[in-house]
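1. Here is the input, now give the coordinates:
(chains A, B, C and D)
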Protein chains: 2
Amino acid sequence: MVAEALLRKLEYFVRLSPHDKEVLERAAAERHRNLGPHERILTEGDKPKVIYLVLEGWACRYKHLEDGRRQIVGFFLPGDLCDLNVFILREMDHSISSITSVRLAEITRHSFEEILDGHPRVTQALWWETLVSIAIQREWTVNLGQRDAMERMAHLLCEMFVRLRTAGLGRGKSCDFPVTQSELADATGMSTVHVNRTLQELRNLKLIHLSGRILTIPDLGRLMQAGLFNANYLHLDREGAHLDANE
Amino acid sequence: MVAEALLRKLEYFVRLSPHDKEVLERAAAERHRNLGPHERILTEGDKPKVIYLVLEGWACRYKHLEDGRRQIVGFFLPGDLCDLNVFILREMDHSISSITSVRLAEITRHSFEEILDGHPRVTQALWWETLVSIAIQREWTVNLGQRDAMERMAHLLCEMFVRLRTAGLGRGKSCDFPVTQSELADATGMSTVHVNRTLQELRNLKLIHLSGRILTIPDLGRLMQAGLFNANYLHLDREGAHLDANE
DNA sequence: CCGGAAAACTAACATAGGTGAACAAGCCGG
DNA sequence: CCGGCTTGTTCACCTATGTTAGTTTTCCGG
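-> All right, here's what the predicted structure looks like:
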């Protein structure tokens, strides 16, 4: 079992048959790539040749402006895929790096097309995950455009926590959170100083406990309120029974 | 010819055969919907049943926070499609409204699947347009997170101008620009007052001329510099000849 | 051509968040 | 267990942008 997190996540959308799971497992087992923390996975300008699936660890997408400013536009958690179909594009318009050490599966165009051709339920599940990741990107736009520092940070923490839980990571009210404050700054569009202030404030309000790369959220409901967080954009609601596999 | 703008845009990616074009035309001709300015097209919570293609006019996607703040997360121009595959999701996580009067084509799930099954080059072109729209969303995230007011506005204007040109709209250095300052505020995450200040500044610097819903950009290069705009994320570069139709 | 609403514009003032600079704490290799 | 580098934290000050509250201009239906 190498693609556990992905399978677990997709099952929020459809119930997969043992055969479906096997197909995904096989695609994810084909070829792996291991990286240490803070290594480049793909660089702006590269020609993407495979689809990456994160098996273990955290990574992020980001873009640099000419003058060096950096915006992290998304985090990758175990079970996350970089865009299906990337190989259609001539070159990457952004970069991807690891945050922690990372284990990636490389899914070839070939085995991806095999899934598209022979496994309609898996295909649907993969498009669902794509649509969700687009929705996440939209929500980040809202986050940066409308929420103030506290709300923005609270929202981000809620999202990561829920997504981790969806992938079967996270233990009760806690989860790993291996992101530095300077990375949080790049993700929220704030200065590191203000990230620090904001985290202090969230701590003082007892909304979070964050230290030693472990995040604890004593009352998720309250943090969600503080961040005007509404999970609907993650679409974690299985459709009617007609989509289930008849096992 | 009803889907002119779409065809024109897709041809930045692949050369479509007359037959390809016919298929798209047919899908776009099936059923239309006309709206006046500022009408709701889809509302958060709706169950999407068709794919919309904008034939004429401007529209936008947006999300509301509970307290009424609104973020426009994208503009739709003629030739733009709302997400392929939306009908996979149980409900919309955002809303779509017209800005000007709009003419939409409704593409049914059925005719979409017909394209997927029988027209691989058109399919590829449609996935290309999807990937580009995701890239645009990422760039908006960068825009809101890193650029200051002037850069942000300049960047947005460049993007809209280039996209309009791609769709075959725009006349030389000018194009329609039917967006109010309050809509610009919702799109850039700024206050209306500051949008106004910023536009004044761009006018004073002779970077734009904007009045009466017409935008003129005397020197696109300079505006691009002011906005740190790099068009690579729009992926307007046809791949090698092997993708061309052999007509 | 008139009147009212929407949109554009302006000014004075308030503040969230940025900057620079310093220091403390944690972590890692030798 | 030491020294250096990264990360976290705090402070004092500054500025980009928001807010409130107008006025003016444009647009549009009758």
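2. Dump stretch A:27-34 to CSV, keeping only the CA atoms.
-> C-alpha atoms of stretch A:27-34 as CSV (Å, rounded to 0.1, in the frame of the first residue of the first chain):
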residue,chain,number,x,y,z
ALA,A,27,0.1,3.3,-11.3
ALA,A,28,1.6,4.7,-8.0
ALA,A,29,4.0,1.9,-7.5
GLU,A,30,5.7,2.1,-10.9
ARG,A,31,8.4,4.6,-10.2
HIS,A,32,9.4,6.7,-7.2
ARG,A,33,11.5,9.7,-6.4
ASN,A,34,12.8,10.6,-3.0
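3. Check which residues of that stretch are buried.
-> Neighbour counts over stretch A:27-34 (16 or more other C-beta atoms under 10 Å in any protein chain shown) mark A:27-28 as buried. C-beta: built from backbone N, CA, C; applies to glycine.
4. now the helix or strand bottoming out on mean pLDDT in chain A: how far from the chain's centre is it?
-> Confidence across the helices and strands of chain A bottoms out at helix A:109-118, with a mean of 93, counting by mean pLDDT, DSSP states H and E. On the basis of C-alpha atoms, centre = their mean, to the nearest Å, helix A:109-118 sits 23 Å off its chain's mean C-alpha point.
5. Do that helix and chain B come into contact?
-> No: taking C-beta under 8 Å from any C-beta of the partner chain as the criterion, helix A:109-118 and chain B are apart, separated by no less than 9.4 Å.
6. Can you show me the CA trace of that helix as CSV?
-> C-alpha atoms of helix A:109-118 as CSV (Å, rounded to 0.1, in the frame of the first residue of the first chain):
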residue,chain,number,x,y,z
ARG,A,109,1.4,9.5,-19.3
HIS,A,110,1.0,5.9,-20.4
SER,A,111,-0.5,4.5,-17.2
PHE,A,112,-2.6,7.7,-16.8
GLU,A,113,-4.1,7.0,-20.2
GLU,A,114,-4.7,3.4,-19.3
ILE,A,115,-6.8,4.6,-16.4
LEU,A,116,-8.7,7.0,-18.5
ASP,A,117,-9.5,4.3,-21.1
GLY,A,118,-10.4,1.4,-18.9
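7. other SSEs contacting it?
-> In terms of contacts (3 or more C-beta pairs under 8 Å, 6 or more residues apart in numbering or on different chains; DSSP states H and E), helix A:109-118 is packed against helix A:18-29, strand A:50-56, helix A:120-146.
8. where does chain A have low pLDDT?
-> A:239-247 (pLDDT under 70).
9. How are the strands of it distributed by residue range?
-> A:32-35, A:40-42, A:50-56, A:59-64, A:70-76, A:95-98, A:102-108, A:174-176, A:209-211, A:214-216 (DSSP state E).
10. Could you dump those strands into CSV with distance to DNA strand D added?
-> Shown next, in CSV, are these (distance: least, C-beta to the nearest atom of the strand, whole Å):
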stretch, distance to DNA strand D
strand A:32-35, 15
strand A:40-42, 16
strand A:50-56, 19
strand A:59-64, 13
strand A:70-76, 13
strand A:95-98, 12
strand A:102-108, 15
strand A:174-176, 13
strand A:209-211, 7
strand A:214-216, 11
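11. Mind checking the ones you listed for the one nearest to B:Arg40?
-> Across the strands of chain A, B:Arg40 has its closest neighbour in strand A:70-76 (28.8 Å, C-beta to C-beta).
12. what would the helices and strands packed on helix A:109-118 look like in JSON lines with distance to DNA strand C?
-> JSON lines is the format used below for the helices and strands packed on helix A:109-118 (distance: least, C-beta to the nearest atom of the strand, whole Å):
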{"stretch": "helix A:18-29", "distance to DNA strand C": "29"}
{"stretch": "strand A:50-56", "distance to DNA strand C": "18"}
{"stretch": "helix A:120-146", "distance to DNA strand C": "10"}
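13. Quick check: beta-bridge partners of the spatially most central residue of chain A?
-> The centroid of chain A falls nearest to A:Phe76 when counting by C-alpha atoms, centre = their mean (3.6 Å). Taking DSSP bridges as the rule, A:Phe76 bridges to A:Ala59.
14. Looks like it contacts A:Glu56 (just checking).
-> No: between A:Phe76 and A:Glu56 there is no contact under C-beta atoms under 8 Å: 11.1 Å.
15. interface residues of chain A facing DNA strand D?
-> A:180-182, A:192-193, A:196-197, A:199-200, A:211 (C-beta under 7 Å from any atom of the strand).
16. Filter those residues down to the buried ones, PyMOL style.
-> Burial among these is assessed by 16+ other C-beta under 10 Å; the matching PyMOL selection reads:
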select buried, chain A and resi 181+199
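17. nearest to DNA strand C, of the residues of chain A next to DNA strand D?
-> Ranked by distance to DNA strand C (C-beta to the nearest atom of the strand), those are led by A:Val193 at 3.6 Å.
18. gap between that closest one and A:Leu184?
-> 12 Å (C-beta to C-beta, to the nearest Å).
19. And A:Ile217, by the same measure?
-> Counting by C-beta to C-beta, the gap from A:Ile217 to A:Leu184 is 16 Å.
20. got it, and A:Glu56?
-> 21 Å.
21. Between the two, which is the more surrounded one?
-> Counted by other C-beta atoms under 10 Å in any protein chain shown, A:Glu56 and A:Leu184 do not tie: A:Leu184 has more neighbours, with 21 against 17.
22. Ignoring the adjacent residues along the chain, who's closest to the more buried one?
-> A:Val195 (4.9 Å; C-beta to C-beta, 6 or more residues apart in numbering or on different chains).
23. That neighbour: neighbouring residues, count only.
-> By other C-beta under 10 Å, neighbour count at A:Val195 equals 22.
24. likewise A:Gln225?
-> 15.
25. cool, and A:Val86?
-> Other residues within reach of A:Val86, judged by other C-beta under 10 Å, total 19.
26. what do you get for A:Lys49?
-> For A:Lys49, the number of neighbouring residues by other C-beta under 10 Å comes to 11.
27. Might you report the residue contacts of it?
-> A:87, A:109 (C-beta atoms under 8 Å, 6 or more residues apart in numbering or on different chains).
28. quick one: it and A:Leu157, what's the gap?
-> For A:Lys49 relative to A:Leu157 (C-beta to C-beta), the value is 35 Å.
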